[in-house]
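[1] Prediction below, plus the sequence it came from.
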There are 2 protein chains.
Amino acid sequence: MDKPEKEITITDVARQAGVSMATVSRVVNGNNNVKETTRKKVMAVVDKLHYRPNAVARGLASKKSTTIGVIIPSMTDLLYANLAKGIDDVASMYKYNIILTSNNKGIISEQQMFSDLLAKQVDGIIYMGEKVSADLYKEINNSRVPVVFAGAIDDSGKIPSVNIDYKTAVRDVVQLLINNGNRQVALVADDLSNSINGKYRLTGYREALEQAGLTYSSNNVFETMYNLQAGAAVWDVIHESGATAVYVANDLLAAGILNAATASGVKIPEDFEVITSNNTILCEVTAPRMTSIALPLYDIGAVAMRMLTKLMNNEEVENIDIKLPYSLIKRGTTK
Amino acid sequence: MDKPEKEITITDVARQAGVSMATVSRVVNGNNNVKETTRKKVMAVVDKLHYRPNAVARGLASKKSTTIGVIIPSMTDLLYANLAKGIDDVASMYKYNIILTSNNKGIISEQQMFSDLLAKQVDGIIYMGEKVSADLYKEINNSRVPVVFAGAIDDSGKIPSVNIDYKTAVRDVVQLLINNGNRQVALVADDLSNSINGKYRLTGYREALEQAGLTYSSNNVFETMYNLQAGAAVWDVIHESGATAVYVANDLLAAGILNAATASGVKIPEDFEVITSNNTILCEVTAPRMTSIALPLYDIGAVAMRMLTKLMNNEEVENIDIKLPYSLIKRGTTK
DNA sequence: TTGAAAGCGCTAACAC
DNA sequence: GTGTTAGCGCTTTCAA
C-alpha cells in the first residue's frame, strides 16, 4: 500500500530525464521526430516513475478526448446489450473509451443525456433509441461532433445510421406464415409509435397481406407493455381473434405469448405459429425454441462504431444509410 | 443546421454579462455567494448563448471528473447487465457519468483497463469480475481513488464489496434438494477456479451433503464451458452419473441442462430437479420455469455505487463487506 | 532534433 | 459579493 503522495506528471519526467516537456510529450505520443537515444532515455524514466499521462489535461490541450458517448435505451435488454457489445469491441480496437448513458427511469431526457455527453467533450456519439424527439434532433444537428444511429431509424435521412431492412424482413416472414396456410396472422409489438415498428414493420406486414390477397385489419395488430406478463395476456386476445400465427416485434413478448399458448394446451407449431424478431438467447431457451429473424446485432453495433471512427477522422464515408443483411432462423415455432 | 463557429466559453459569458469569470463560475456551480440580481443576469446570458461548461477543463482545474469507471466481464451476460443497471441508476442520481469497459475478447487485461480508467481521471471505480489477478490487486492498492467490488469477492478482505452469502445460499438449496428425496445431487459451474464458485458455492454444497450424512464425491461436480451447448452436453453426463437433481451456478447453463433433460424425455421436476443461481429473465422463459436463488442483482449494483459515492466524499462507511439478503424463488423445476 | 512558451477553459485561493 | 490571478497537466506552434 504505497500510495504515492502526488500523481507524477510530465514535468517530473522531463526533469528527471533532462529534457523538455515537449520532448516527453513527443515520445509518449509516438512522434517520430525524436532521436532514438533520447527516446530510450525518456522511456526509462517513464517506466521507472510509472508515469501515466493525464487524459483530462491532454483532452483540454488537444481538444480530443478519445472517448465517445453511447446512448442506450436499456442495458438489460438483450437487443441493446448485443449492439453495445459490437460497439464496445471496435471502440476498444480504436482505443476509444465509452461513456454509456441509459435512459433507465426516464428521469433524464435523451436531449439532456446528449448535452451532458457533449459537455464531457466526447469525440462522437452513437445513439440507439426508438424515437427521436424534435429537441434531440435539434441537439444533434447543432452538434459539432459526429453522431451515428445504431439500430435506430433517422426519419430525416440525414444522420448516418446502421440498420437492417425491417420492412422487407417482416414482409418475408409474414409471407412465410401465410404460405404455411395461415389465413389470419397477428402482429404484436410493444410500441407502435416508433418508426421501426409503426412505420417499417407494420408496412411490411400490410404488404405481405396485400400480396396474398388478404385484407388488413387493425383487429389483428396488438400493442402491449414490454414484459412477459403482457405477452401472456395478449395471447388470450390473439387466440380469441381467430389468428393462427403471429409475428412479434421482440423476443420477450414472443416468449410470453409462446409460453401462454403452450400452457393453454395449444400445440406449437401445429396449431399456432410464432416468429419473433431479434434472435437473442431467449429464442434458444424457450420450448420449443423460437423461429426468428436474425438481426446481425453485434455487426450493427460494430459497423456503426467503425463508421463513427471514420467520421471522427474526417474520412470519406460513401454510404450514410447502411442496411446490413439479415436472415431467418427457423426453429420450433414454425412448421 | 447552424453549427456555431466556436464553442462558447466562460469568458464569453463573463464578457457579455459584464462580470468576471469567477462570478460566472459561481452561478454555474450553484455557489450561494452571489447576489440574486447578478445571478439572474448571468443566467440570462448563459441561456441566450447556450453556454455549456466544458467538463474537461473543469476536471483539470478541480481534479474531479464526476465520472466513474466500471469494469464488467460481459455486457451481454444478464447477470452483469442487471448489476450495471443498479450502478447506472444511482450513478445518474448522483450526477456521475460512467465509463464502461468490458473485457470482451480478453485482448486487453483488466489491469490495463484499470490503468486506463485512472488515466481518464475517474473519481472512483466499480469492479465486477470473477478473478482478481495479483497485478490487478497491486493497481487497486496503489490507486488513489476508491474501488468497490460488486458481485465480486475480495479474498484479501480489504476492498469494499457488495455480495450475498453465496455459501449459505447454496447450502440451503442443496439441503432443499436433499430433503426432497434426492440422494445424489450434482453441482455444475462454468468455472470452478474463481472464488464465488470454487470457494463459496462449492463449500456450501459440501456442507449440505455433510449435514445430511451424504458423502461428497468429485464425480458429482461438473465444470463446463459457459454456453447453452455445454449445458446440453453436460446433461448426459449428469444423467448417467445417477444424480437426480442439480444445482447450477448460472442460468444459461441451467437452461441448457433443463432443455436437454426435457428433450431426452425426463420429466421435470418429477424425475429430476434443477435449481439455478441468478434469477435472470431466462428463468421465467424456460418450460417449466426455473427455480432459482434470487440474487438482488439490481440492489447489489445500487448499493455498491452508493458506497462508492460515500467513499469518494470521504464519508464514513461503517461496513466494508456488505452481504445483501437473498431469497429462493420456487418455480417449476423443483417439487 | 529539441526547447520555450502560449494557451486549452475552468476553479480556487486571495484580495478588495 | 465580486474580481484578479495563478495554476491544473498537457499539446502545439514557433524558433533555434
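    On my side now, so go ahead. Residues are numbered from 1 along each chain as shown, chains lettered A, B, ... in the order given.

[2] Now the element after the helix or strand hosting residue A:114, going C-ward?
    Here residue A:114 is covered by helix A:110-119, with elements defined by DSSP states H and E. Sequence-wise, the next helix or strand downstream of helix A:110-119 (DSSP H and E) is strand A:124-127.

[3] Sheet partners, orientation included, of that following strand?
    strand A:67-72 (parallel), strand A:147-150 (parallel) (DSSP bridges).

[4] List the buried residues of stretch A:58-75.
    Burial within stretch A:58-75, assessed by neighbour count using 16 or more other C-beta atoms under 10 Å in any protein chain shown, is assigned to A:58-60, A:65-75. Quick note: C-beta positions are derived from backbone N, CA and C, even for glycine.

[5] For chain A, which segments are assigned as helices?
    A:10-17, A:21-28, A:36-49, A:55-62, A:78-93, A:110-119, A:134-142, A:166-179, A:202-211, A:228-241, A:251-263, A:297-312 (DSSP state H).

[6] Now find how far off-centre the last one is within its chain.
    On the basis of C-alpha atoms, centre = their mean, to the nearest Å, the separation between the geometric centre of helix A:297-312 and that of its chain is 10 Å.

[7] now the fourth one
    Relative to the mean C-alpha coordinate of its chain, helix A:55-62 is positioned 29 Å out (C-alpha atoms, centre = their mean).

[8] still on that earlier bit, quick one: mean pLDDT over the helix holding residue A:114.
    Averaging pLDDT along helix A:110-119 yields 95.

[9] that older thread, make JSON lines out of the helices of chain A and add distance to chain B.
    Output for the helices of chain A, formatted as JSON lines (distance: least, C-beta to the nearest C-beta, whole Å):
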{"stretch": "helix A:10-17", "distance to chain B": "13"}
{"stretch": "helix A:21-28", "distance to chain B": "11"}
{"stretch": "helix A:36-49", "distance to chain B": "13"}
{"stretch": "helix A:55-62", "distance to chain B": "5"}
{"stretch": "helix A:78-93", "distance to chain B": "5"}
{"stretch": "helix A:110-119", "distance to chain B": "5"}
{"stretch": "helix A:134-142", "distance to chain B": "5"}
{"stretch": "helix A:166-179", "distance to chain B": "21"}
{"stretch": "helix A:202-211", "distance to chain B": "25"}
{"stretch": "helix A:228-241", "distance to chain B": "6"}
{"stretch": "helix A:251-263", "distance to chain B": "5"}
{"stretch": "helix A:297-312", "distance to chain B": "9"}
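
[10] Please identify which of those is closest to residue A:290.
    helix A:251-263 (5.9 Å; C-beta to C-beta).

[11] residues in contact with that closest one?
    Helix A:251-263 is contacted by residues A:78-79, A:188-190, A:224, A:226-236, A:238-239, A:246, A:248, A:268, A:272, A:274-280, A:282-283, A:286-287, A:290, A:292, A:333, B:281, B:285, B:287 when judged by C-beta atoms under 8 Å, 6 or more residues apart in numbering or on different chains.

[12] Which strand residues bridge the closest residue to residue A:172 other than its chain neighbours?
    Distance criterion C-beta to C-beta, 6 or more residues apart in numbering or on different chains; nearest residue to residue A:172, sequence neighbours excluded, is residue A:328 at 7.1 Å. Going by DSSP bridges, residue A:328 is paired in beta bridges with residue A:293.

[13] what about residue A:328, how many residues close to it?
    15 (other C-beta atoms under 10 Å in any protein chain shown).

[14] how many neighbours does residue A:207 have?
    By other C-beta under 10 Å, neighbour count at residue A:207 equals 18.

[15] Tell me who's in contact with the nearest residue to it once chain neighbours are set aside.
    Excluding its sequence neighbours, the residue lying closest to residue A:207 (C-beta to C-beta, 6+ apart) is residue A:171, at 4.8 Å. Residue A:171 makes contact with A:204, A:205, A:207, A:208, A:211, according to C-beta under 8 Å, 6+ apart.
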